[in-house]
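Engineer: predicted model follows, preceded by the sequence.
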Amino acid sequence: NGGFPHSEVELSRSMSRSNSREAIGEMQMKGHMRESDFHVTTAERQWEKVTVDETTRMRLNGESVQCMAHMKAMKKAGGVSLREADGADTSKDQDWPLDESCFAKCADMYCLITTGFWLVPKALIFVIPMLLLELPALVLLRSYVATLKPGTDKVRRSSRFWMSFVLALCLFFPALILAFLSLMVDYIFYWLFGITFCIFTNRYCAVRRSMKALNPYRNGPWIISHLPDIYVALIGQTARQGIFEIAWSLSNMLLFVPWFKYYVNVNPWLQNLDHRLTTQITTSMSDIAPAEHCASIMQEIISRAKHHPGRARKVHLWSFVPHYPFPPPGRRYALGLQQGVKHTNPLIQFVLIVHTTHANSCHGNSTEQHVASNSCQLPIYRVILWYNNPYHFLTAWVEASVSTGGPSQPEKVDGVEHPMWGVSSPSQLDAGRTSLTGSGVIDSFFDYWLPVLVHEMRYSHHRLAGKSHQALGDPRGDPWKPTQGFESSFQTGEAVEICRNLARGASDRK
């Protein structure tokens, strides 16, 4: 990220020296390797190499003892679930029949009625004050974004960054107080409604089993101790969306996401919770193989701090915009953000906080991380949605990798897979494809978004076919510098129609 032109031959030779962490670190220190260069390979399988003790690895990766024991037990049982009878095919969804019983329907209805009873007055009281309290800090943050050059891979945590962070934290402090108050009142109504339902239905044993399903995800890294990560992620997210979009999305996250997480999605007082595997695999991307190159393009799209104007305009149109900033020195994980918007109703949009481990990171002299998928060819990201993270409505272990396609979808070799082992109930409200925010909506949502991501990855690859970086006029060798033709397509709105048609086509095929 040093801003110097680098020799691809020199980079290749250095990385070919057993692809050692020392060689990679040397190139990064000299500024000859960008953060988005992918140096983990399918041949060497660095994610399986043990170089540090278990305690150090968990600290570097942001893991907990309970969570790792749970995932390793699941892998030992086959990979789909803790039950060996569910098999080892992680390239398809786990069988998950919906609970159509009268009790499940009554529990769903009770959940919706009590949710409306609390959230309607809450929205009237909290939304406008939260928006007003957020804006001063977001204006400062947007000013910081303006100082970054297009194509910046990583926000450097320099003295200027820390001054900006401290000032933004002071400006945002009143909004944090309001968010804390909102969360505490959510907890009060959660206990009030949940325990009342449990008492009248006498489901104490079921509550105990559901609590046990949540145990592996209870002790993740706390958000409050990673506020600089949130600031870095907000810088990158604000570079992708406008300031008012971020303000609205951030307000919805702070005020409403905790309720949907704890009360609607993973509520042991109302629901029978268990572990569920859902997975999606894109169409094959063998045309942009090898897997390392595919992973590098995807990482650049998602982790780069500030894109060039052409790509930034395209990403701004997406209904789902994940941004997982590169981790700081000393750990292999960092907090990132996911921004989502319901394409049929722009008022329903939010950002979500995630803990992301980067397979490409070699901080702490380690590249080891557990891979749960049996159809993974090359890991890219691992996202853990902790139960003690109130600002994501799911509780799950998620991986994003280049896939082999597995036994169920071999024609999708070299596609990007997205398996998720989440805590879910079999109720229609949580597991149905028409659910509001539960595990069931993931399949239908990614049917819409994954074709758009694949289109952008292919565009980024094929645009460079037969061209040198010098021909693109970018001394950094950045693979994305918009041309005049592409700029004009945005002026005519053609690119908007391209994204909409891609999404519409995916829905029709489904």
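Structural biologist: Ah, there it is. Numbering: from 1, shown residues only.

Engineer: from the chain's centroid, how far away is stretch 284-295?
Structural biologist: Centre-to-centre, stretch 284-295 and its host chain are 21 Å apart (Cα atoms, centre = their mean, to the nearest Å).

Engineer: now the helix or strand containing residue 314: buried residues?
Structural biologist: Using DSSP states H and E, residue 314 sits in helix 309-316. For helix 309-316, burial by neighbour count (16 or more other Cβ atoms under 10 Å) applies to 310, 311, 312, 313, 314, 315. Yep, even glycine has a C-beta here, placed from its N, CA and C like the rest.

Engineer: over to stretch 217-234?
Structural biologist: 217, 220, 221, 223, 226, 228, 229, 230, 231, 232, 233, 234.

Engineer: can you give me the end-to-end distance of that stretch?
Structural biologist: 25 Å (Cα to Cα, to the nearest Å).

Engineer: repeat for stretch 256-276
Structural biologist: Termini of stretch 256-276 sit 24 Å apart (Cα to Cα).

Engineer: stretch 194-208 too?
Structural biologist: 13 Å.

Engineer: residues of that stretch that come out buried?
Structural biologist: In stretch 194-208, counting by 16+ other Cβ under 10 Å, buried: 194, 197, 198, 201, 203, 206, 207.

Engineer: and those, which two are furthest apart?
Structural biologist: Using Cβ to Cβ, the buried residues of stretch 194-208 span at most 12.4 Å, a distance reached by 194 and 206.

Engineer: re earlier: can I get the buried residues of stretch 194-208 in a markdown table including secondary structure, pLDDT and distance to residue 130?
Structural biologist: As requested, these are exported to a markdown table (DSSP: H, G, I helix; E, B strand; the rest coil; pLDDT from 0 to 100; distance: Cβ to Cβ, whole Å):
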| residue | secondary structure | pLDDT | distance to residue 130 |
| --- | --- | --- | --- |
| 194 | helix | 96 | 25 |
| 197 | helix | 96 | 29 |
| 198 | helix | 95 | 32 |
| 201 | helix | 94 | 35 |
| 203 | coil | 93 | 35 |
| 206 | helix | 94 | 36 |
| 207 | helix | 95 | 33 |
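
Engineer: just name the closest of these to residue 356, please.
Structural biologist: Closest to residue 356, out of all of the buried residues of stretch 194-208 and judged by Cβ to Cβ, is residue 194, at 30.4 Å.

Engineer: not counting sequence-adjacent ones, nearest residue to the closest one?
Structural biologist: Among residues not flanking residue 194 along the chain, residue 269 sits closest, at 3.2 Å (Cβ to Cβ, 6 or more residues apart in numbering).

Engineer: go ahead and confirm that neighbour touches residue 199.
Structural biologist: No - between residue 269 and residue 199 there is no contact under Cβ atoms under 8 Å: 9.6 Å.

Engineer: tally of neighbours for residue 275?
Structural biologist: Residues lying near residue 275 (other Cβ atoms under 10 Å) number 21.

Engineer: torsion angles phi and psi at it?
Structural biologist: Backbone geometry at residue 275, expressed as degrees, to the nearest 10, gives phi -100, psi 130.

Engineer: circling back to that earlier point, who does the helix holding residue 314 touch, helix- and strand-wise?
Structural biologist: helix 440-462, helix 484-491, helix 494-509 (3 or more Cβ pairs under 8 Å, 6 or more residues apart in numbering; DSSP states H and E).

Engineer: ok, the residue nearest to residue 194 to residue 429 distance?
Structural biologist: Separation of residue 269 from residue 429 (Cβ to Cβ, to the nearest Å): 14 Å.

Engineer: show me what contacts the residue lying farthest from the centre of the chain?
Structural biologist: Taking Cα atoms, centre = their mean, the residue of the chain most remote from its mean C-alpha position is residue 200, at 38.3 Å. By Cβ atoms under 8 Å, 6 or more residues apart in numbering, residue 200 lies in contact with nothing.

Engineer: could you number the chain from 800 rather than 1 from now on?
Structural biologist: Okay, residue one is now 800; in that scheme the one you just asked about reads as residue 999.

Engineer: against residue 1069, how distant is it?
Structural biologist: In terms of Cβ to Cβ, residue 999 sits 11 Å off from residue 1069.

Engineer: repeat for residue 968
Structural biologist: Residue 968 is 37 Å from residue 1069, by Cβ to Cβ.

Engineer: ok, residue 949 next?
Structural biologist: 48 Å.

Engineer: who has more neighbours, those two?
Structural biologist: For residue 949 versus residue 1069, the count of surrounding residues by other Cβ under 10 Å is larger for residue 1069: 29 against 20.

Engineer: name the nearest residue to residue 1087, ignoring sequence neighbours.
Structural biologist: residue 1260 (4.1 Å).

Engineer: pretty sure that neighbour contacts residue 1092?
Structural biologist: Yes - look at residue 1260 against residue 1092 with Cβ under 8 Å: they come within range, at 7.4 Å.

Engineer: pick out whichever of the two has more residues nearby.
Structural biologist: A direct count of neighbours by other Cβ under 10 Å for residue 1260 and residue 1092 places residue 1260 higher, at 18 against 14.

Engineer: for that one, list the residues it contacts.
Structural biologist: So residue 1260 contacts 1086, 1087, 1092, 1096 (Cβ under 8 Å, 6+ apart).

Engineer: for those, which one is nearest residue 919?
Structural biologist: residue 1096 (44.1 Å).

Engineer: which pLDDT value belongs to the closest one?
Structural biologist: With respect to pLDDT, residue 1096 scores 92.

Engineer: so it sits against residue 1253, correct?
Structural biologist: No - applying Cβ under 8 Å, one finds residue 1096 not in contact with residue 1253, separated by 10.5 Å.

Engineer: and residue 1200, how far from residue 1140?
Structural biologist: Residue 1200 is 26 Å from residue 1140, by Cβ to Cβ.

Engineer: mind telling me what element the residue nearest to residue 993 is part of?
Structural biologist: Once you assign secondary structure using DSSP H and E, residue 1068 falls outside every helix and strand.

Engineer: so what's the residue count around it?
Structural biologist: 23.

Engineer: check contacts around it.
Structural biologist: 992, 993, 994, 996, 997, 1002, 1006.

Engineer: what about residue 1189, distance to residue 1167?
Structural biologist: Residue 1189 is 30 Å from residue 1167, by Cβ to Cβ.

Engineer: over to residue 1058?
Structural biologist: With Cβ to Cβ as the criterion, residue 1058 and residue 1167 are 37 Å apart.

Engineer: and the two? which has more neighbours close in?
Structural biologist: residue 1058 (23 against 19).

Engineer: of the buried residues of stretch 1016-1033, closest to residue 1248?
Structural biologist: So of these, ranked by how close each gets to residue 1248 (Cβ to Cβ), first place is residue 1032, at 19.2 Å.

Engineer: nearest residue to the closest one in space, please, no chain neighbours.
Structural biologist: The nearest residue in space to residue 1032 (Cβ to Cβ, 6+ apart) is residue 1136, at 4.4 Å.

Engineer: how about residue 968?
Structural biologist: residue 1026 (6.8 Å).

Engineer: from memory that neighbour sits against residue 971, does it?
Structural biologist: No - using Cβ under 8 Å, residue 1026 is not in contact with residue 971, being 9.5 Å away.

Engineer: pLDDT on the top strand by length along the chain, on average?
Structural biologist: Secondary structure of the chain per DSSP state E: the longest strand is strand 1144-1157. In this model, strand 1144-1157 has a mean pLDDT of 90.

Engineer: and it, what does it pack onto?
Structural biologist: For strand 1144-1157, the packing partners by 3+ Cβ pairs under 8 Å, 6+ apart are helix 1026-1037, helix 1042-1058, strand 1132-1141, strand 1175-1184.

Engineer: let's have those in TSV, adding distance to residue 980.
Structural biologist: Formatted as TSV, those follow (distance: least, Cβ to Cβ, whole Å):
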stretch	distance to residue 980
helix 1026-1037	18
helix 1042-1058	10
strand 1132-1141	23
strand 1175-1184	24
